[in-house]
Each structure stands twice: as structure tokens, then as C-alpha cells.
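Peer 1: got a predicted model here, sequence first, then my questions.
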Amino acid sequence: MAYSASRPQILPRRGGRAGRALSDENLDMLSHVLDDCLRIPGTSVRFGLDAIVGLVPGIGDVIGGLASCILIGAAWFRGVPYITLTRMAVNVGIEVLVGSVPLLGDAFDVAWKANRPNCKLLTRHVARPRRHTWRDWGFLLTLMMGIVLVFSLPLIALAWVLGYLMAHP
């Protein structure tokens, strides 16, 4: 399998329809179409079909998330480490969960682009397998600490209020 000097291949050429459908060009095009194929005139704000489909209440973000799973499936077929696959799935999960919130989620879909970073993670693995997994661990650990902080703040505030009420009847 030969790699070009400018950009490594994401997937090797395979015989059959599936190999051509999951070629590096098609995966790059998919991430481009989903994340940034359109531009708001007069600005540098770019968005893709994922943001447009996300406007459909209830099912739009799920459909966009399913389309994003194509990149994760291609990464899995290429033997990308599980921690990187987890990071890719978290990127898509954040996009689907926050994107499902009315109005705020639609703006978030324009700002948060999961497919381009996932395509870069796949390319990174092909260029240097298993070299950058510490970045994936760092990303996930930071995310987990943020989640713990977000969920613990209300509990801390509740404990403080209850302590204050008990001390000052």
C-alpha cells in the first residue's frame, strides 16, 4: 500500500464496491459535506448538511449522527485503537446530544464539527499508528473531569444551602 507524501491514505484500495465507497477521497468528501460545504455569504461561517438536517425536530440530529458513524466504522475497519474510536464516538455523541436541544442545538451544530476532526483522527492514525493515543486519553480524561464538575456543582451548592439553613434556623 503506497501513501502519498502530501496526505496519507485513510483506507487502502480494495476490490469491490465497499472499498471504493470507503476510500480516503469519499470519507474526506463525506466529512466536508456534513460539516462545512456551505458558507453564510459575507462571513467566514461554514456549515454542512449535518446542521441543516439537524433543524428537523426529533430525528434530524439522529440522522446526522448516523451519517457521522460511517467515519467511525471506517476507522474501526482500519484498526484504529479503541481509545481513538471512543474519542470519535464522543465527538459524534456531543454533536447529537447538544444538537437535539431546540435553537441552542442548531447554533451548536454550526459551531461543533465532529466529522472533520474525526477524519483527521483517522488520517493521524494511518500516518503514525498508535503514536498519538495519549492525546485521546487526555481529551477523554478532561471531558470526564468536566462532566464530574458539572454534576458536582449543584450537589456542592445544595450542601452549602442546607448547611447554611441548618446553622441559621
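Peer 2: Yep, that arrived. Since we're looking at a predicted model, the values are computed, not measured.

Peer 1: gap between the residue nearest the centre of the chain and Gly146?
Peer 2: In the chain, the residue lying closest to the centroid (C-alpha atoms, centre = their mean) is Asn91, at 2.4 Å. Here the distance between Asn91 and Gly146 works out to 15 Å (C-beta to C-beta, to the nearest Å). In short, each C-beta sits where N, CA and C put it, glycine included.

Peer 1: host element of the nearest residue to Val98 once chain neighbours are set aside?
Peer 2: Closest residue to Val98 apart from its sequence neighbours, by C-beta to C-beta, 6 or more residues apart in numbering: Phe108 at 4.8 Å. Phe108 is part of helix 104-111 when elements are defined by DSSP states H and E.

Peer 1: repeat for Arg116
Peer 2: With the criterion set as DSSP H and E, the secondary-structure element containing Arg116 is helix 115-127.

Peer 1: and that helix, what's its mean pLDDT?
Peer 2: On average, the pLDDT along helix 115-127 is 87.

Peer 1: what packs against it?
Peer 2: The contact analysis (3 or more C-beta pairs under 8 Å, 6 or more residues apart in numbering; DSSP states H and E) places helix 115-127 against helix 24-35, helix 60-77, helix 82-99.

Peer 1: try 10 Å this time
Peer 2: When contacts are defined as 3 or more C-beta pairs under 10 Å, 6 or more residues apart in numbering; DSSP states H and E, helix 115-127 packs onto helix 24-35, helix 60-77, helix 82-99, helix 133-167.

Peer 1: tabulate the ones you listed in TSV, adding columns for distance to Phe47 and mean pLDDT.
Peer 2: As requested, the helices and strands packed on helix 115-127 are arranged in TSV below (distance: least, C-beta to C-beta, whole Å; pLDDT from 0 to 100):
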stretch	distance to Phe47	mean pLDDT
helix 24-35	8	89
helix 60-77	11	89
helix 82-99	12	89
helix 133-167	23	86
